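Q: Structural data only, the sequence is not supplied:
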């Protein structure tokens with residue numbers, strides 16, 4: 001179990017305003033900046049993109065590579081505390097920053113989340129302590145590992161150990177020949193082969209853990225993925241059974257505690273027949289499935305990220321509205337012939353309960369996350385009806 005400092009004094013909103021920093025300028029960084037600014041903090045973003053979504057709304061942006069020593073020194077000099085918006089930021093950079101300022105989550109937790117082999121091993125340790133098992137798997141780092149893969153793992157999904165997300169770095173394999181070809185296709189990089197399981201559903205849990213070990217959690221999210229990318233999240237009473245919700249919540253808390261984690265953590269699960277849960281992966285940051293919290297809860301996942309980073313009090317968030325969230329991919333900006341178009345936002349925004357969030361990205365590409373659309377209502381049926389109407393208008397497949 002990792003250790004984290006517990007004696008840090010809270011970084012309270014004050015005059016002049018303290019500054020919070022974030023590594024990464026994407027949409028998660030943008031929403032963190034908005035949440036920090038709402039509490040009165042100033043913000044600084046480190047990102048090499050001069051037109052990053054977060055950099056355009058922050059008080060300042062340092063335009064440099066995440067490994068740039070001078071840029072890291074400048075960030076540490078400007079910010080009293082620093083977080084990250086994505087797990088593939090160099091862990092060594094976080095460790096360097098932590099020498100002189102508060103950093104959460106810690107580099108050690110990021111390193112585990114960056115590597116599926118280490119992540120699976122952590123899940124196995126947690127399962128031994130009473131948690132939930134990952135899917136049966138085998139690590140493949142050599143030709144010898146490839147030859148020793150158990151037959152029972154096929155058909156399976158071969159995933160690169162590092163840098164895979166949103167379905168990238170993943171290849172299906174039904175036979176040993178296909179597995180060998182898939183490993184070659186992935187350039188013989190270290191990989192994990194997971195047994196392919198018949199899924200009844202998918203869900204995720206987001207928790208926030210402070211330096212004192214206090215944990216608060218958001219409601220369990222029911223998720224639908226298409227082509228490896230989150231498409232729909234539904235959050236309301238009864239979206240999953242009480243048994244599934246309890247198991248997923250308790251397993252997520254155990255995973256966070258065993259890491260000695262500080263910050264916002266999301267853990268994703270597969271639900272099999274008979275309400276058996278399998279832990280899939282974790283994200284050491286706010287998560288796409290938690291974006292609904294901005295509109296449906298009194299504290300969003302980004303509010304919690306600010307609070308854990310600054311050492312502010314953690315209180316249990318309350319969901320005040322049923323919510324259905326649709327991911328908006330770059331495909332929507334093109335018609336059937338591939339010609340560029342503007343999605344019919346006016347028609348979408350006529351629907352009651354619609355909350356449109358676009359991320360300020362300048363260019364749409366198929367599969368690129370451009371925004372999300374959340375529908376809130378007093379009951380699940382109404383939220384779903386409005387979300388389905390919006391999906392039909394936008395050309396998103398029903399769910």
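A: That came through, no problem. Just so you know, these numbers come straight off a predicted model, no measurement behind them.
Q: How many residues are close by residue 238?
A: The number of residues packed near residue 238 is 11, by other CB atoms under 10 Å. Any C-beta I mention is one placed from the backbone N, CA and C, and that applies to glycine too.
Q: What of residue 274?
A: Applying other CB under 10 Å, we find 6 residues neighbouring residue 274.
Q: Are we agreed that it is in a helix?
A: Yes. If the criterion is DSSP: H, G, I helix; E, B strand; the rest coil, then residue 274 is within a helix.
Q: just checking, residue 228 touches residue 168?
A: Yes. Under the contact definition of CB atoms under 8 Å, residue 228 touches residue 168, with a separation of 7.4 Å.
Q: Let me see the contact set for residue 398.
A: Residues in contact with residue 398, defined by CB atoms under 8 Å, 6 or more residues apart in numbering, are 388, 391-392.
Q: I misspoke; the intended subject was residue 94.
A: Residues in contact with residue 94 (CB under 8 Å, 6+ apart) are 23, 82, 84, 103, 106-107, 110.
Q: which of these are buried?
A: With burial judged by 16 or more other CB atoms under 10 Å, the buried subset of those is 23, 82, 84, 103, 106-107, 110.
Q: What does the residue nearest the centre of the chain show for phi and psi?
A: Closest to where the C-alpha atoms of the chain average out (CA atoms, centre = their mean) is residue 287, at 2.7 Å. Backbone dihedrals for residue 287, given as degrees, to the nearest 10, come out at phi -130, psi 150.
Q: Ranking by neighbours, what's the top pick from the contacts of residue 398?
A: residue 391 (19 neighbours).
Q: Against residue 32, how distant is it?
A: Residue 391 sits at a distance of 28 Å from residue 32 (criterion: CB to CB, to the nearest Å).
Q: could the buried ones among the contacts of residue 94 go into a markdown table alongside distance to residue 46?
A: Conversion of the buried ones among the contacts of residue 94 to a markdown table gives the following (distance: CB to CB, whole Å):
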| residue | distance to residue 46 |
| --- | --- |
| 23 | 5 |
| 82 | 8 |
| 84 | 10 |
| 103 | 12 |
| 106 | 18 |
| 107 | 15 |
| 110 | 15 |
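Q: Identify the farthest-apart pair in those.
A: Greatest spacing in the buried ones among the contacts of residue 94, by CB to CB: 23 and 106 (13.2 Å).
Q: tally of neighbours for residue 337?
A: As a burial measure, the neighbour count of residue 337 was computed by other CB under 10 Å and equals 6.
Q: Then it would be within a helix, right?
A: No. According to three-state DSSP, the state of residue 337 is coil, so it is not within a helix.
Q: Check which residues of the lengthiest helix in the chain are buried.
A: As far as residue count goes, and with DSSP state H defining each element, the longest helix of the chain is helix 242-259. For helix 242-259, the neighbour count (16+ other CB under 10 Å) marks 244-245, 247-249, 251-259 as buried.
Q: Please list the residues outside that helix that contact it.
A: Helix 242-259 is contacted from outside by 1-2, 108-109, 112, 122-123, 125-126, 129-132, 203-207, 209, 213, 215, 217, 219-220, 240, 261, 265, 267, 269, 271, 275, 277, 279, 282, using CB under 8 Å, 6+ apart.
Q: can we see that at 6 Å?
A: When contacts are taken as CB atoms under 6 Å, 6 or more residues apart in numbering, the neighbours of helix 242-259 outside the stretch itself are 1-2, 109, 126, 131-132, 203, 205, 207, 209, 215, 217, 220, 265, 267, 269, 271, 275, 277.
Q: Need the pLDDT of the closest residue to residue 118 other than its chain neighbours.
A: Of all residues beyond its chain neighbours, the one nearest residue 118 is residue 112 (4.8 Å), with distances taken as CB to CB, 6 or more residues apart in numbering. Per-residue pLDDT puts residue 112 at 97.
Q: Ramachandran coordinates for residue 112?
A: phi -70, psi -40.
Q: any idea how far residue 299 is from it?
A: Residue 112 sits 27 Å away from residue 299 when distances are taken as CB to CB.
Q: again, but for residue 215
A: Taking CB to CB, one finds residue 215 at 14 Å from residue 299.
Q: Give me the more crowded residue out of the two.
A: Legend: neighbour count by other CB under 10 Å for residue 215 and residue 299, higher for residue 299 (21 against 18).
Q: Isn't that one up against residue 316?
A: No. Shown here, residue 299 and residue 316 do not form a contact pair, counting by CB atoms under 6 Å, at 8.5 Å.
Q: can you list residues touching both of these two?
A: Overlap of the contact sets of residue 299 and residue 316 (by CB under 6 Å, 6+ apart) is empty.
Q: got the contact list for residue 31?
A: Applying CB under 6 Å, 6+ apart to residue 31 gives the contacts residue 302.
Q: Over to residue 357?
A: Residue 357 makes contact with 371-372 under the criterion CB under 6 Å, 6+ apart.
Q: and residue 366, what does it touch?
A: Residue 366 makes contacts with 330-331, as judged by CB under 6 Å, 6+ apart.
Q: hmm, 10 Å instead?
A: Contacts of residue 366 were listed using CB atoms under 10 Å, 6 or more residues apart in numbering, and they are 329-334, 338.
Q: Ok, residue 272 next?
A: Residue 272 neighbours (CB under 10 Å, 6+ apart): 135, 197-201, 278.
Q: Count residues in the vicinity of the residue nearest to residue 118, would you?
A: Close neighbours of residue 112, defined as other CB under 10 Å, add up to 22.
Q: What distance do you get for it to residue 304?
A: Using CB to CB, residue 112 is found at 21 Å from residue 304.
Q: same question, residue 344
A: Distance, residue 344 to residue 304, by CB to CB: 34 Å.
Q: Which one of these two is surrounded by more residues?
A: Shown here are residue 344 and residue 304; by other CB under 10 Å, residue 304 has more neighbours (29 against 14).
Q: neighbours of the nearest residue in space to that one that is not next to it in sequence, just the number please.
A: The spatial neighbour of residue 304 that comes closest, neighbours along the chain excluded (CB to CB, 6+ apart), is residue 208 at 3.8 Å. Under the neighbour criterion other CB under 10 Å, residue 208 is assigned a count of 27.
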